[in-house]
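>>> A predicted structure for the sequence below; I have some questions about it.
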Amino acid sequence: MATAVHRHMLELLESSRISLADLVVSTLMHPQSKHPHPFLFEDLTRHCLPVLSSLYYNSLSHEQTLSWAHSIMSKHYADAIDSLAHNIDHWHFSASQAKPAQIRDFRLEELAVTIQREQPRLWSLVFRLATGSEDTEPVTGDAIGEDSDAEDEEENNFDHAGPDAEQGLRRKKIHGLRVIKTVTVTSILTHNRFQKCNILQATMGIFLHSCRAPEKLVKVLSRMGVSISLTSIHRAIHSLSRESRLDMQRLGRSLLVSYAYDNFDVKFNTGIPSADGPSDLLVHLTSGTMLKLSHDVKLDDLRVSGSLWDMNPNNPRASNPKHFNPLTTFKMLYSLHPPPPVVHEPGKPRLGRRARFCSWMFVQTLITHGPKYFASMKSFVSQPEAVEMIPLCKTEQVPLRAMDINQSKVSGNIDAIMDMLGQAAVGKHGAEISGLEEINIAQFVQLVHGDLGTMERFVVFVFGLFHFKMAAADAIWRILVTPMDARKDPTGFMAFVSCLRPKSANKLINNAGFREQHELIGHVGSVLRLDVWRVEARKLGYLTLEDWARSEPSLEILRASRINWSLMRQAAQNTMRCHHYLLLYEELSYAMNAGDIGRVEILFQPWIQILKATGKHKYANRMLLFMHQLYSVYPSGLRRAIRYNILVNPTGRPNHFRAVDWIVELLNLYIKEIYGGEGSNYTKKRILEESPLVLIYRQSHANFERNFHLPGLSAAHAQKDMTTAFNEAFLYIKSLDESPNKHMAGRSAKYSTPDVLSRGAAITESEAMKRKHGQESTLYKNNKDAMNVDSSEGDVVWNEIASRERTAVGDDSYWDAVAEVTAADLAADGTL
């Protein structure tokens with residue numbers, strides 16, 4: 001209701017022929033209104049919101065006000081989009097000048113933070129339009145979060161979300177999904193305004209290409225503004241390939257690099273015959289990669305080509321040839337990395353280095369697979385002592401272009417090495433290909449992880465530990481699975497495999513892959529070790545492990561528990577040897593993953609014996625040759641460079657070391673299976689051209705899984721829940737007359753697990769005797785008569801080997817007696 005003053009003012013305006021609109025416009029726009037203390041001006045500007053609201057909500061002025069606001073804000077938001085599109089350089093992606101870092105470092109949350117910081121009103125508008133709600137939370141670097149499965153939960157009622165903590169987590173995840181939609185919509189708008197503002201579209205296009213998305217799908221998404229066009233994708237791929245060549249040359253010309261290569265076969269579903277004949281559907285190719293030599297390797301460490309050639313027995317002019325003697329090298333392994341003196345504490349078992357690892361493995365198995373009470377001790381159990389650890393750092397890797405070379409011949413190996421050097425732009429061949437100045441590598445050696453078995457003048461062969469681990473798993477299979485009688489033993493390895501894998505046990509006898517062998521070695525070993533704890537618990541008066549857990553034993557009680565491996569009869573003796581072989585494999589796996597190169601080298605000695613005893617003579621001899629060259633030929637700098645780079649760490653995280661040949665096998669998988677194309681695009685040309693980009697593709701996938709909340713897409717194998725399978729195995733053990741870990745008088749077995757360590761040592765001695773005198777050793781003759789090979793079935797059947805058993809003496813455990821034996825002890829035992 002207008003007051004008397006208001007009516008008087010309106011009458012004055014009307015008598016003066018001045019409209020209210022003229023008064024407001026004049027007050028705001030006339031220069032005189034800018035007086036330092038104009039009452040009307042300050043009052044009007046202070047109350048502009050009520051004025052504008054009154055105009056908006058008045059039925060007569062509503063449409064005019066709305067049209068005016070629409071016109072003004074449309075221009076404002078158009079200018080905001082234009083500013084984002086033209087002024088933020090790192091949003092611009094040129095397909096012809098694409099850089100790997102743009103794909104590798106793309107973060108969706110960085111786009112969100114930039115939009116909200118530079119144009120907050122635009123962000124608020126798009127967020128409100130895209131989600132129907134106002135964004136009340138500031139966008140931070142972790143706004144999107146790690147993962148989410150809440151895509152379909154945006155309309156859910158939060159009143160039924162559960163406790164406050166769960167409700168808060170769900171709100172955060174849904175907010176992250178809304179941020180994704182807001183950024184995507186804004187990116188489409190900026191890309192439509194300026195075509196070069198396309199970082200999201202470019203990374204999406206390369207991601208779709210690496211996913212082998214159909215061209216029709218890519219075209220549809222390009223029309224929608226979510227992806228760049230097919231032509232631009234192909235230009236970006238060519239640009240990335242060009243940049244990858246520069247990375248190869250940058251790393252290769254530093255000379256502080258090792259090379260790794262391996263063959264892989266590709267079978268194409270279709271082919272086009274030509275005048276020369278039918279097309280080959282099976283193609284033999286070679287992959288390669290470069291790995292930067294880390295851990296302070298210097299060029300002087302590699303400038304030893306001349307001195308190595310002077311020690312090479314293949315050099316007729318060598319002044320100091322270092323001849324390979326397998327027996328001498330074998331003896332050297334016993335004295336490698338001697339353990340430091342340990343002060344023995346009274347009342348505690350005297351354990352050597354390997355026995356301490358076995359004790360740790362028993363405790364770790366109880367914590368991982370035993371009753372839940374023991375899992376609480378996990379954080380209090382430290383890692384086993386390190387023998388010699390490789391320093392932790394992330395390894396730089398640059399994949400090379402796959403080579404159209406068949407590596408099966410010696411000439412193929414030479415061609416592969418020359419091709420890799422050419423891609424790295426080193427040597428005369430590399431200078432001719434790259435057009436750069438020649439780098440003379442005559443004085444330097446090149447470390448090569450591959451199939452070369454000898455040391456050439458400038459190439460140093462480096463052993464592949466992943467294939468060594470595969471050979472170790474296969475050797476265990478030959479001992480515990482292949483013999484017919486071993487499979488009939490009710491307490492043998494295969495009896496527990498049948499409990500753990502009842503539907504595939506028969507297939508696993510002859511057709512088990514490495515992963516199946518690796519998993520079963522771990523699972524059967526865990527079952528046997530848990531049964532040892534069950535036997536120990538019964539000695540303490542508890543019927544089951546669960547009963548023992550309810551008494552809440554401390555970690556010190558577990559560590560003080562002594563597994564009594566006294567001399568047993570056949571059945572328990574078989575289990576004892578099975579424990580030993582499985583724990584040797586577990587120790588090898590742990591040492592490789594942890595990067596404990598010292599422990600890996602210590603394990604060469606027992607595994608060489610096992611490999612020789614199971615028929616893998618060539619592999620064992622290659623290992624001996626490698627260790628001979630490493631410790632008797634190579635100078636200390638080169639030796640350190642090899643030892644500290646034989647295991648690499650692609651992620652830079654603890655316990656994530658990998659063998660170099662594992663890296664190459666993973667590269668093969670990426671090249672031919674995951675990113676090699678599909679259908680008509682699966683061609684040799686594409687495989688060869690895009691092979692250097694597979695790690696960029698992998699990083700693109702990792703970014704999109706993170707940026708767009710795509711959980712559960714990891715290529716890593718999930719940890720299997722073995723509770724049910726283990727319970728079946730424990731029920732089987734209860735059905736036996738007695739535990740396989742407990743001696744039972746009068747019990748016998750159809751199969752006696754052989755002492756392959758003694759047999760392997762005997763074979764090594766015999767080979768040395770033959771080489772020197774042309775005769776077999778007495779120990780080998782005695783053991784050879786006890787082994788019969790049935791070539792028709794391929795089964796190796798061992799009878800009891802006529803050699804003395806190593807038994808526990810005094811406070812030393814069985815493991816020390818077998819594994820911690822020194823060269824002098826072995827010589828006294830007659831095996832050397």
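Received the coordinates, thanks.

>>> List the buried residues of stretch 484-504.
486-487, 489, 491-501 (16 or more other CB atoms under 10 Å). The way it works is simple: take the backbone N, C-alpha and C, and place the C-beta from them, glycine included.

>>> Kindly reformat the residues you listed as TSV and extend each row with secondary structure and distance to residue 727.
Formatted as TSV, those follow (DSSP: H, G, I helix; E, B strand; the rest coil; distance: CB to CB, whole Å):
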residue	secondary structure	distance to residue 727
486	helix	25
487	helix	23
489	coil	22
491	coil	18
492	coil	20
493	helix	19
494	helix	19
495	helix	16
496	helix	13
497	helix	16
498	helix	15
499	helix	9
500	helix	11
501	coil	15
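
>>> Could you dump the residues you listed into a markdown table and include pLDDT?
Output for the buried residues of stretch 484-504, formatted as a markdown table (pLDDT from 0 to 100):
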| residue | pLDDT |
| --- | --- |
| 486 | 86 |
| 487 | 88 |
| 489 | 84 |
| 491 | 85 |
| 492 | 87 |
| 493 | 90 |
| 494 | 90 |
| 495 | 89 |
| 496 | 91 |
| 497 | 91 |
| 498 | 90 |
| 499 | 91 |
| 500 | 91 |
| 501 | 89 |
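
>>> what ranges do the helices span in the stretch 451-600 of the chain?
465-480, 484-488, 493-500, 507-511, 514-539, 545-550, 555-560, 570-594, 597-613 (DSSP state H, counting those that start in this stretch).

>>> so who does residue 596 touch?
Counting by CB atoms under 8 Å, 6 or more residues apart in numbering, residue 596 makes contact with 386, 387, 388, 389, 390, 590.

>>> between these, which is closest to residue 707?
residue 390 (33.2 Å; CB to CB).

>>> Tell me which residues touch the nearest residue to that closest one once chain neighbours are set aside, please.
Spatial nearest neighbour of residue 390, excluding adjacent residues (CB to CB, 6 or more residues apart in numbering): residue 595 at 4.1 Å. Applying CB under 8 Å, 6+ apart to residue 595 gives the contacts 389, 390, 392, 647, 649, 655, 657.

>>> Let's see that with 10 Å instead.
The contact partners of residue 595, by CB atoms under 10 Å, 6 or more residues apart in numbering, come to 386, 388-392, 644, 647-649, 654-658.

>>> mind listing the helices for the stretch 301-450 of the chain?
305-311, 326-334, 353-369, 372-375, 410-423, 427-434.

>>> of these, which approaches residue 341 most closely?
helix 353-369 (11.6 Å).

>>> and which of the contacts of residue 596 is nearest residue 723?
Among these, and counting by CB to CB, the member closest to residue 723 is residue 590, at 23.2 Å.

>>> What about the nearest residue to that closest one once chain neighbours are set aside, how many residues nearby?
Using CB to CB, 6+ apart and skipping residues adjacent in sequence, the residue nearest residue 590 is residue 384, 7.2 Å away. When counting by other CB atoms under 10 Å, one arrives at 21 neighbours for residue 384.

>>> Correct me if wrong: residue 384 contacts residue 351.
No - taking contacts as CB atoms under 10 Å, residue 384 lies outside contact range of residue 351: 11.5 Å.

>>> intersection of neighbour lists for these two?
Shared contacts of residue 384 and residue 351, counting by CB under 10 Å, 6+ apart, come down to 357, 358, 359.

>>> how about a markdown table for the helices of the stretch 301-450 of the chain, with distance to residue 320, mean neighbour count and mean pLDDT added?
A markdown table is the format used below for the helices of the stretch 301-450 of the chain (distance: least, CB to CB, whole Å; neighbours: other CB atoms under 10 Å; pLDDT from 0 to 100):
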| stretch | distance to residue 320 | mean neighbour count | mean pLDDT |
| --- | --- | --- | --- |
| helix 305-311 | 5 | 17 | 89 |
| helix 326-334 | 16 | 19 | 90 |
| helix 353-369 | 35 | 21 | 90 |
| helix 372-375 | 58 | 15 | 90 |
| helix 410-423 | 26 | 19 | 88 |
| helix 427-434 | 27 | 17 | 79 |
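
>>> related to what we said a few turns ago, distance to residue 698 added to the shared contacts of residue 384 and residue 351, as TSV?
Formatted as TSV, these follow (distance: CB to CB, whole Å):
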residue	distance to residue 698
357	34
358	38
359	39
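
>>> Just name the closest of the residues you listed to residue 83, please.
residue 357 (63.2 Å).

>>> picking up where we left off before, of all the helices of the stretch 451-600 of the chain, which one is nearest residue 338?
helix 597-613 (9.7 Å).

>>> Report the inter-axis angle for the closest one versus helix 570-594.
Per axes from the mean of the first three to the mean of the last three CA atoms, to 10 degrees, the angle that helix 597-613 makes with helix 570-594 is 140 degrees.

>>> other SSEs contacting helix 597-613?
Counting contacts by 3 or more CB pairs under 10 Å, 6 or more residues apart in numbering; DSSP states H and E, helix 597-613 packs against helix 326-334, helix 353-369, helix 465-480, helix 570-594, helix 617-628, helix 636-643, helix 756-773, helix 814-819.

>>> mind checking which of those helices is nearest residue 227?
helix 465-480 (37.9 Å).

>>> Report the angle between that closest one and helix 597-613.
Using the same axes, to 10 degrees: helix 465-480 against helix 597-613 is 40 degrees.

>>> So residue 417 versus residue 573, what's the distance?
49 Å (CB to CB, to the nearest Å).

>>> Let me have the helices and strands packed on helix 597-613 in TSV, extended by distance to residue 556.
Conversion of the helices and strands packed on helix 597-613 to TSV gives the following (distance: least, CB to CB, whole Å):
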stretch	distance to residue 556
helix 326-334	34
helix 353-369	11
helix 465-480	33
helix 570-594	23
helix 617-628	39
helix 636-643	36
helix 756-773	33
helix 814-819	21
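
>>> Can you flag the weakest of these by average pLDDT?
Between those, the one with the least mean pLDDT is helix 814-819; it has a mean of 29.

>>> Considering the contacts of residue 596, which possesses the most neighbours?
residue 390 (22 neighbours).

>>> That one touches residue 597, doesn't it?
Yes - look at residue 390 against residue 597 with CB under 10 Å: they come within range, at 5.4 Å.

>>> Show me whatever sits in contact with both of those two.
Joint contacts of residue 390 and residue 597 (CB under 10 Å, 6+ apart) are 643, 644, 645, 646, 647, 657.

>>> quick one: the helices in the stretch 151-300 of the chain?
Using DSSP H, counting those that start in this stretch, helices in the stretch 151-300 of the chain cover 164-193, 199-210, 215-224, 230-252, 299-302.
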